[in-house]
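J.: Got a predicted model here, sequence first, then my questions.
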Amino acid sequence: ESVAKSPFWMAACEEELESPTEQLDVARGQENLPVSAWPPGAGPEPFQYTPDHVVGPGADIDPSQITFPGCICVKAPCLPGTCSCLLHEETYDDHLCLRDTGSETKYAKPVFECNVMCQCGDHCRNRVVQRGLQFCLQVFKTDKKGWGLRTLELIPKGKFVCEYAGEVLGFSEVQRRINLQTTYDSNYVIAIREHIYNGQIMETFVDPTYIGNIGRFLNHSCEPNLLMIPVRIYSTVPKLALFAAKDILPGEELSYDYSGRFLNQTDSEDTEGPGNGKLRKACYCGTQSCTGFLPYDSSLYHHLEKRDIN
């Protein structure tokens, strides 16, 4: 079913921008652009909208707190070797696109953007995720996957698309919420694990179930067109930034791999989820490499006393 018909989708996007008050804006005016819903007159279940992370139960750090100093690049542009925000190499190219979108090894090291404390100014090209939505997006009802998110215009490869934002939680609260879920409930919780010095792992848990942004509508795909990169701007809590892994056509559904794309886990032997051995949820992405089931993060279901948190 081809929905990549540029004139139709571009017209829809232009109409939405001309009269945003006449249509439902899922983002409630909190993004650069309104986010419409399809079909007309319908909309997703109510939730509290936030374009950024908010502190939730058990979180050690308030993600809105500024914890990083700024760079002192005033006369010269921000470049690796001179800019304190660019410790390793430039993250974005001259077109503000993510460099090397096909290589996960490029992003094994932390990504930092310049922030409000920096002296480089808004023109700095090391400011991308913080600029927010730049493309016209739409929440829409899918046939089998509930609500989804699609683009109404062409998104070039490497461009920032949106964040996955919500409540930042402690692990105990994550377990409490997951244990309250039934087989029919959707699990929006995402666990980001980053390897840091001395072999330690930094974990960030984000749940947009009750408080979140449009990222909560992104469905899983075994062949995703988005790549998630943790990006830090002013806080040690990373922004979960989603970039186009390829050119994405107007009308195309946006998706990412719930397992992290490069961190696929085969967990067919895990039986500690709710219901003890319940069947994993079916995947309806429809791609040639579809595994048939949604990724399952078994660590979120393990009892706290069984989990090595050191």
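T.: Received the coordinates, thanks.

J.: any low-confidence regions in this structure?
T.: The chain contains residues with pLDDT under 70 at 1-22, 101-108, 260-279, 298-299, 301-310.

J.: And the helices in it?
T.: 6-18, 171-179 (DSSP state H).

J.: hmm, who's touching stretch 91-102?
T.: 89-90, 106, 111, 113, 125-126, 128, 156-160, 227, 229, 231, 243-246 (Cβ atoms under 8 Å, 6 or more residues apart in numbering). In short, each C-beta sits where N, CA and C put it, glycine included.

J.: right, I mislabeled it, should have said stretch 207-214
T.: In contact with stretch 207-214 (Cβ under 8 Å, 6+ apart) are residues 26-27, 31, 35, 47-52, 54, 56, 137, 139, 149, 162-167, 169, 174, 177, 186, 188-190, 215-216.

J.: try stretch 52-66
T.: So stretch 52-66 is contacted by 67, 115-117, 163, 165-174, 206-207, 211, 213, 234-237, 239 (Cβ under 8 Å, 6+ apart).

J.: Only whichever of those residues are buried, select them in ChimeraX.
T.: Buried residues among those (16 or more other Cβ atoms under 10 Å), as a ChimeraX selection:
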select :115,163,165,166,167,168,169,171,173,174,206,207,211,213,234,235,237,239
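
J.: now the strand ranked longest in the chain: how far from the chain's centre is it?
T.: Of all the elements of type strand in the chain, the one with the most residues (DSSP state E) is strand 201-212. Here strand 201-212 is found 10 Å from its chain centre; the criterion is Cα atoms, centre = their mean, to the nearest Å.

J.: In contact with the residue nearest to P156 when sequence neighbours are not counted, which residues are there?
T.: Closest residue in space to P156, ignoring its immediate chain neighbours: D247 at 5.8 Å, by Cβ to Cβ, 6 or more residues apart in numbering. For D247, the contacting residues are L154, I155, P156, K157, by Cβ under 8 Å, 6+ apart.

J.: and which of those is nearest K75?
T.: When the contacts of D247 are compared for distance to K75, the smallest value, 31.3 Å, is given by P156; criterion: Cβ to Cβ.

J.: Check whether the closest one really touches A244, as I assumed.
T.: Yes: the pair P156 and A244 qualifies as a contact (Cβ atoms under 8 Å) at a distance of 6.6 Å.

J.: Between these two, tell me which one has more neighbours.
T.: Neighbours per residue, other Cβ atoms under 10 Å: of P156 and A244, the larger number sits with A244, 23 against 12.

J.: List the beta-bridge partners for the more buried one.
T.: Taking DSSP bridges as the rule, A244 bridges to L226.

J.: What's the separation between it and L226?
T.: 7 Å (Cβ to Cβ, to the nearest Å).

J.: what is in contact with those two at once?
T.: Applying Cβ under 8 Å, 6+ apart, one finds that A244 and L226 are jointly contacted by V161.

J.: Next, count neighbours for the closest residue to V168 other than its chain neighbours.
T.: Nearest residue to V168 in three dimensions, chain neighbours excluded: A59, at 4.6 Å (Cβ to Cβ, 6+ apart). By the other Cβ under 10 Å criterion, the neighbourhood of A59 contains 19 residues.

J.: How about D62?
T.: A count of nearby residues for D62, using other Cβ under 10 Å, gives 14.

J.: got it, and T182?
T.: Residues contacting T182 under the criterion other Cβ under 10 Å number 7.

J.: L79 too?
T.: For L79, the tally of surrounding residues (other Cβ under 10 Å) stands at 12.

J.: quick one, phi/psi of it?
T.: Listed backbone geometry of L79 is phi -140, psi 150, with angles given as degrees, to the nearest 10.

J.: Can you name the residues that contact it?
T.: L86, E90.

J.: returning to that earlier point: C97 versus the residue nearest to P156, what's the distance?
T.: Taking Cβ to Cβ as the measure, D247 falls 11 Å from C97.

J.: Please name the residues that touch the residue nearest in space to the middle of the chain.
T.: Closest residue to the average C-alpha location of the chain: Y164 at 3.0 Å, with Cα atoms, centre = their mean. For Y164, the set of contacting residues under the criterion of Cβ under 8 Å, 6+ apart consists of I190, V206, P208, N213, G215, R216, L218, M228, L240, L242.

J.: How about D25?
T.: With contact taken as Cβ under 8 Å, 6+ apart, D25 is in contact with P34, V35, S36.
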